[in-house]
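Q: fold the stuff below for me.
(2 chains)
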Amino acid sequence: MAKRKMHDPFGVSAPVSVAIHALFILFSLACILPVLLVAIVSLTDFTAFRANGYSFFPAKWSLFAYKYLLSDFGLIANAYGVTAFVCIVGSLLQVVSQSLFAYPLCRKDFPFKGFFSVFILITMLFSGGLAPSYYIYVRVLHIKNTIWSLILPMLGGGYTIFVYRMFYKINIPMELIDAAKIDGASEGSIYARIVLPLSLPILATFSLFGIIGYWNDFFSCLLYIDSTKLYNIQFVMQRSLRNIQFIQDNIRYMGGSAASEMQKITAQLPAETLRMAMAIFGMGPIVLAYPFFQRFFIKGLVVGAIKG
Amino acid sequence: MCPLKALQRLLKNIKSNKSMLLMMLPVFTFVVINSYLPMFGVIMAFKNIDYRSGILRSPWVGLRNFRYLFSNDLAFRITRNTVGFSLAFIAIGMVLAVSIAILLNEIRAKSAKKIYQTIIILPNFLSIVVVSYVVYAFLDPVNGLVNKSILEKLGIKGISWYSKPEYWIAIAPIVNFWMSAGISSIIYLAGIAGIDPELYEAAIVDGASKRRQIWSITLPMLKPIIIISLIMSLGGLIRSNFGLFYQVTLNSQLLYSVTDTIDTYVYRALTVAGYGTDNVARAAAAGLYQSVVGAALVALANFAIRKIEPESALF
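A: Predicted coordinates for the structure are as follows:
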């Protein structure tokens, strides 16, 4: 006993340790099982669903919901396309523009750093609200029903700028910049050759945040998009939950003869299995990529929280 | 200094920092569009908006839109729901996230700790639309897991969850906890990891029990982080998670008495046909009310931070 204590002076007793593990196993199950339920229902045969409702143990499995959604992939493929474009272009614009903005703020010889810090700070304190923003997008910029109305809302500054500034202050040696200036390097090439390579870790973290933010966004689509062609994947899902007819209408609308055969069958198809399959399309890529990116995420989160 | 000289110096500064100012131009433009133009747009709240003549030429109506909001119980209802849920989310989230972090820290097996950590933050990455599907799988009145697989088996009549507002007083905090508990506990876990182990060694030598160590070392050492994040969340007291109250509730009108918040009201007034342009101005008024209270709360929070932890103050 004494030996064990030497080895692990902070440990708890064995029964307590078992209890803690049990608690976390339960908590982990509570986090995973609901998502698993969605997956299982999407794979449930619809007569079995009708008999038992949502259940972890379907009487009969079936791929029909997926076959139906894939019979005319147009709607979903299009939504994936919109989401992918917005994720890539949006997060790239976000990361590049924010790092470009934050870099001069960490330079001691930049005379406007106070002004621009306050410029950002004010927006963190006060916002005009949704109604004026909506008016500006729709009536001034006229970007309703364009892809830019999905990208622009998440561009800008805020807290992130200050995290970048902190990172630069800690990680970029000012002597290096001074030396480059003496050698006659322009500001542009100092940024490209010194600052950018040194800031890859923070750029990676924030690109990840950006991609997840854009992937999960349905609000901009809800506000600004009326045309099916520009629906993103979250919005197609949102529509499907509110109104299952939406999927069926749009698969017909998007054309495709394979769908017509399916159409007859879906008259009796319970909306739920279709809906849940739709949910799998919406969360699939994020959940699959999750094990790979979560490490970076935790790192970024902890840095932001402790340093900020 | 005479103004002319100051201007000359400004121009000289601009000229010599041309390339850096150019670098800042993209974000500058985005911030002007997304933040500053809407700030001037708050004049909408004091107007009777006529789209044909534009905001600037629409007639002023003084405080009429605010009077409308505050004359019936609308403003009271949406404020109560917004602030009430925020308070519940903060209190529940704080207590449980700290507890989770303390317990997680007691787990010695590294791999198990990592697995738990990975799993409990997963819900944070699901979009609110996915969350609404998950909730629907449980609460669907006809086929839902709760009604069909639990209540029916127990011989209890199913509950029509999406039309009974009283249940949402509990459902909304549970859903919010499910989404965010894991992620907030990670921050506290990092805080605990930073505590000097010598403190615990000394406590053990003095014969302190585990519970005693938590009360007398862990919690006091975590206090700064707890206070800071409490104060930070104070600024968000008058904001709500739109997705949670609009999408997870399926925007069910029968639930509005409990789930209608400032954000869902503003959205509805702004977009739903039949509400008319009067409501656009009312949406602007509600938004302005929210922003002003929010800014006051942030200022208050910052004032408190300066008293407690001056280094963490925002300004």
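
Q: drop to CA atoms for contacts and neighbour counts, all remaining ones
A: Noted.

Q: these two touch, right, B:V31 and A:G156?
A: Yes - the criterion here is C-alpha atoms under 8 Å, and B:V31 meets it with A:G156 at 4.9 Å.

Q: looking at these two now, which is surrounded by more residues?
A: Legend: neighbour count by other C-alpha atoms under 10 Å in any protein chain shown for B:V31 and A:G156, higher for A:G156 (25 against 20).

Q: doesn't the more buried one lie inside a helix?
A: No - using DSSP: H, G, I helix; E, B strand; the rest coil, the secondary structure at A:G156 is coil, not a helix.

Q: over to it: give its phi and psi.
A: phi 140, psi -150 (degrees, to the nearest 10).

Q: list the contacts of it.
A: The contact partners of A:G156, taken as C-alpha atoms under 8 Å, 6 or more residues apart in numbering or on different chains, are A:Q94, A:Q98, B:V27, B:F28, B:F30, B:V31, B:N34.

Q: contacts for whichever strand or helix holds the fourth one?
A: Think B:F28. Under the criterion DSSP states H and E, the helix or strand holding B:F28 is helix B:18-31. If you take C-alpha under 8 Å, 6+ apart as the criterion, helix B:18-31 is touched by A:97-98, A:100-102, A:104, A:120, A:123, A:152, A:155-157, A:187-188, B:14.

Q: rewinding a little: need the max-distance pair from the contacts of A:G156.
A: A:Q98 and B:N34 (14.5 Å; C-alpha to C-alpha).

Q: who are the packing partners of the helix or strand hosting B:M39?
A: B:M39 belongs to helix B:37-41 when elements are defined using DSSP H and E. Where contact means 3 or more C-alpha pairs under 8 Å, 6 or more residues apart in numbering or on different chains; DSSP states H and E, helix B:37-41 is packed against helix A:130-135.

Q: burial of B:L230, as a residue count?
A: Here the number of neighbours of B:L230 (other C-alpha under 10 Å) works out to 15.

Q: residues contacting the residue lying closest to B:K113 once chain neighbours are set aside?
A: Distances taken as C-alpha to C-alpha, 6 or more residues apart in numbering or on different chains put B:I107 closest to B:K113, at 6.2 Å, once the chain neighbours are dropped. B:I107 makes contact with A:S17, A:I20, A:H21, B:K113 under the criterion C-alpha under 8 Å, 6+ apart.

Q: where does A:P58 fall, phi/psi-wise?
A: phi -70, psi 140.

Q: so where's the stretch 201-315 of chain B uncertain?
A: Confidence mapping of the stretch 201-315 of chain B against pLDDT under 70 gives the ranges B:273-277, B:312-315.

Q: how many neighbouring residues does B:A208 have?
A: Neighbour tally, B:A208, other C-alpha under 10 Å: 15.

Q: does it sit in a helix or strand, and which one?
A: Counting by DSSP H and E, B:A208 is held by no secondary-structure element, helix or strand.

Q: ok, now A:P34?
A: Assigned by DSSP H and E, A:P34 falls within helix A:14-42.

Q: what about the residue nearest to B:K113, distance to B:S180?
A: According to C-alpha to C-alpha, to the nearest Å, B:I107 and B:S180 sit 21 Å apart.

Q: picking that back up, of the contacts of A:G156, just say which sits nearest to B:Q213.
A: Within the contacts of A:G156, proximity to B:Q213 (C-alpha to C-alpha) peaks at A:Q98, which comes in at 43.6 Å.

Q: pretty sure that closest one is in a helix, no?
A: Yes - judged by three-state DSSP, A:Q98 forms part of a helix.

Q: I figured it was touching A:Y159, is that so?
A: No - with contact defined as C-alpha under 8 Å, A:Q98 does not reach A:Y159; the gap is 10.7 Å.

Q: quick one, which of the two is more surrounded?
A: Taking neighbours as other C-alpha under 10 Å, A:Q98 and A:Y159 compare with A:Q98 leading, 27 against 13.

Q: what residues are up against that one?
A: A:G156, A:G157, A:T160, A:I161, A:Y164, B:V27.

Q: for B:F177, same thing?
A: By C-alpha under 8 Å, 6+ apart, B:F177 lies in contact with B:F89, B:I92, B:G93.

Q: list the helices and strands the strand or helix carrying the last one packs on?
A: It stands for B:G93. Element membership for B:G93, per DSSP H and E: helix B:74-106. Counting contacts by 3+ C-alpha pairs under 8 Å, 6+ apart, helix B:74-106 is packed against helix A:14-42, helix B:165-193, helix B:219-235, helix B:256-259, helix B:262-271.

Q: looking at the ones you listed, which is nearest to B:P59?
A: Here helix B:262-271 is closest among those (C-alpha to C-alpha), at 18.9 Å.

Q: briefly note if that closest one comes near chain A.
A: Yes - with C-alpha under 8 Å from any C-alpha of the partner chain as the measure, helix B:262-271 is seen reaching chain A through B:V266, B:Y267, B:L270, B:T271.

Q: report the angle between that helix and helix B:74-106.
A: If you take axes from the mean of the first three to the mean of the last three C-alpha atoms, to 10 degrees, helix B:262-271 sits at 130 degrees to helix B:74-106.

Q: send the alpha carbons of helix B:262-271 over as PDB?
A: C-alpha atoms of helix B:262-271 as PDB (Å, rounded to 0.1, in the frame of the first residue of the first chain):
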ATOM      1  CA  ILE B 262     -35.200  38.200 -28.500                       C
ATOM      2  CA  ASP B 263     -33.300  36.600 -31.400                       C
ATOM      3  CA  THR B 264     -36.100  34.400 -32.600                       C
ATOM      4  CA  TYR B 265     -38.500  37.400 -32.400                       C
ATOM      5  CA  VAL B 266     -36.200  39.600 -34.400                       C
ATOM      6  CA  TYR B 267     -35.800  36.900 -37.100                       C
ATOM      7  CA  ARG B 268     -39.600  36.400 -37.300                       C
ATOM      8  CA  ALA B 269     -40.500  40.100 -37.400                       C
ATOM      9  CA  LEU B 270     -37.900  40.600 -40.100                       C
ATOM     10  CA  THR B 271     -38.700  37.800 -42.500                       C
END
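
Q: in that helix, which residues are buried?
A: Using 16 or more other C-alpha atoms under 10 Å in any protein chain shown as the test for burial, helix B:262-271 gives B:I262, B:D263, B:T264, B:Y265, B:V266, B:Y267, B:R268, B:A269, B:L270, B:T271.

Q: for it, packing partners?
A: Checked by 3+ C-alpha pairs under 8 Å, 6+ apart, helix B:262-271 has helix A:130-135, helix B:74-106, helix B:276-308 packed alongside it.

Q: which residue ranges of the stretch 151-300 of chain A form helices?
A: Applying DSSP state H, counting those that start in this stretch to the stretch 151-300 of chain A gives helices spanning A:159-171, A:174-182, A:187-190, A:196-198, A:200-215, A:219-224, A:233-242, A:245-253, A:258-266, A:271-307.

Q: mean pLDDT lowest for which of those helices?
A: With a mean of 50, helix A:258-266 has the lowest mean pLDDT of those.

Q: B:I159 looks like it's in a strand, true?
A: No - applying three-state DSSP, one finds B:I159 to be coil, outside a strand.

Q: where in the stretch 1-150 of chain A is pLDDT low?
A: Applying pLDDT under 70 to the stretch 1-150 of chain A flags residues A:1-11, A:72.

Q: circling back to that earlier point, can you lay out the helices and strands packed on helix B:74-106 as CSV showing distance to A:K229?
A: Listed next are the helices and strands packed on helix B:74-106 as CSV, based on distance: least, C-alpha to C-alpha, whole Å:
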stretch, distance to A:K229
helix A:14-42, 25
helix B:165-193, 31
helix B:219-235, 38
helix B:256-259, 32
helix B:262-271, 21
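
Q: near chain A at all, stretch B:227-237?
A: No - for a cut-off given as C-alpha under 8 Å from any C-alpha, stretch B:227-237 has no contacts with chain A; the smallest distance is 9.0 Å.
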